[in-house]
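Novice: coordinates only, sequence not included:
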């Protein structure tokens, strides 16, 4: 029941339209590094996210383009920016704060889309069968090391295009003393 | 078995000698706010901590003065500063990194003293008897809320001058969705 753990730093997903506004018409993102989920990549390109009170530069874009622009930050980042985004699964952005996004070719202001990602495990149907869990179920994951802890309320997300990986943010990784490549034990 | 939780932001404890160097001879720290542990206070005064790569301004001094200068930061801070302090209980600073500390009247460079504080619970002997735990023992603490988790390896620290309080850092608080005034359940 060991699950590989991947630590997500703050990042942004963009629509084609928003990439065009930030980087220029028909701009194509460049892959810097492939991610654990097949087809996904960290782009060479970064943007600045900005509120009235503060900003964070160098926010990595994750590709490919998506149907929805979404900014995923940690609670630490949210405090720095003086905003209070909710903990949400990816794509559930109704009622979330907006933010200004600044690229080399222009800037946009989204009226919603900033979330703190709910921790979750990506897996295939075969993985789900083998673990005896279902899409949408919540499980616990016990980690090891000096800052050993058990994460409860970890969302299971099942799709055959996924690769087995638990995603936590940098606050969760730092609190648990974890880095990408560590593993945790799934507990039902 | 409910324990009040206190979130420790990055802070510094200073010797009298180091207060003198940073703020001037026989300078007296000013209390801004009393802390949960009797006699302890957050001072009005702050300093800058600085490495070759980066710095953090506005680091709060906790008073009163102590026999040992010690800087307590989060893993998030450590990454920003490009240093790698160990997780340690307060006072155990052998082999830890040093740092430059800058005050309004001067600066010092300590050759050790930067730690990430090991999470711990302060309590009196009466509390320890009532919970059935001992000084130096490790316990678990289960928290509630959307980011519910169970911290393992939580150090018990017993002294009759303490007040019952579990101390976690900002990474741990953010990862667990906790703030000062929340509570956790002690599990042996």
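Specialist: Arrived safely. Note that the structure is a prediction, hence the values are computed from the model and not measured.
Novice: how near is the residue lying farthest from the centre of chain A to residue A:129?
Specialist: When distances are taken from the C-alpha mean of chain A, residue A:25 lies farthest, 26.0 Å away, according to Cα atoms, centre = their mean. Separation of residue A:25 from residue A:129 (Cβ to Cβ, to the nearest Å) stands at 46 Å. The C-beta positions use only the backbone N, C-alpha and C, and glycine is treated the same way.
Novice: who does the strand or helix carrying residue A:115 pair up with?
Specialist: Using DSSP states H and E, residue A:115 maps to strand A:114-117. Note on strand A:114-117: by DSSP bridges, its sheet partners are strand A:70-72 (parallel), strand A:87-88 (parallel).
Novice: From those, pick the one with the highest average neighbour count.
Specialist: Neighbour counts (mean count of other Cβ atoms under 10 Å in any protein chain shown) averaged over each of those peak at strand A:70-72, with a mean of 25.
Novice: Secondary structure element holding residue A:175?
Specialist: helix A:170-176.
Novice: Show me the contact partners of that helix.
Specialist: For helix A:170-176, contacts defined as Cβ atoms under 8 Å, 6 or more residues apart in numbering or on different chains pick out A:5, A:7-10, A:74-76, A:119, A:143, A:145, A:147-149, A:151, A:168, A:178-179, B:74-76, B:79, B:169, B:171-172, B:174-176.
Novice: Pull the distance from that helix to the chain's centre.
Specialist: Helix A:170-176 sits 14 Å away from the centroid of its parent chain (Cα atoms, centre = their mean, to the nearest Å).
Novice: repeat for stretch A:79-91
Specialist: Computed by Cα atoms, centre = their mean, the chain-centroid distance of stretch A:79-91 equals 11 Å.
Novice: Endpoints of that stretch, how far apart?
Specialist: 22 Å (Cα to Cα, to the nearest Å).
Novice: So which bits of chain A are right by chain B?
Specialist: A:74-76, A:79, A:87, A:118-119, A:146-153, A:169-172, A:174-177 (Cβ under 8 Å from any Cβ of the partner chain).
Novice: run the last query once more with 10 Å
Specialist: Within chain A, the positions near chain B by Cβ under 10 Å from any Cβ of the partner chain are A:74-79, A:86-88, A:116, A:118-119, A:138, A:140-154, A:168-177.
Novice: which of those count as buried?
Specialist: A:74-78, A:86-88, A:116, A:118-119, A:140-141, A:143, A:147-154, A:168-177 (16 or more other Cβ atoms under 10 Å in any protein chain shown).
Novice: quick revisit: quick check: next helix or strand after the helix holding residue A:175?
Specialist: Counting by DSSP H and E, the next helix or strand C-terminal to helix A:170-176 is strand A:183-187.
Novice: Which strands and helices lie in contact with that following strand?
Specialist: Applying 3 or more Cβ pairs under 10 Å, 6 or more residues apart in numbering or on different chains; DSSP states H and E, one finds that strand A:183-187 contacts strand A:2-8, strand A:120-123, strand A:138-142, strand A:149-158, strand A:165-169.
Novice: elements contacting the strand or helix carrying residue A:20?
Specialist: Taking DSSP H and E as the definition, one finds residue A:20 inside helix A:16-23. On a contact count with 3+ Cβ pairs under 10 Å, 6+ apart, helix A:16-23 meets strand A:41-50, strand A:55-63, strand A:99-103, strand A:106-110.
Novice: Can you check which of the ones you listed gets nearest to residue B:188?
Specialist: Nearest to residue B:188, of all the helices and strands packed on helix A:16-23, is strand A:55-63, at 41.5 Å by Cβ to Cβ.
Novice: the inter-axis angle of that closest one versus strand A:41-50?
Specialist: Between strand A:55-63 and strand A:41-50, the angle formed by their directions is 150 degrees, by axes from the mean of the first three to the mean of the last three Cα atoms, to 10 degrees.
Novice: For strand A:55-63, list every residue counted as buried.
Specialist: A:56, A:59-63.
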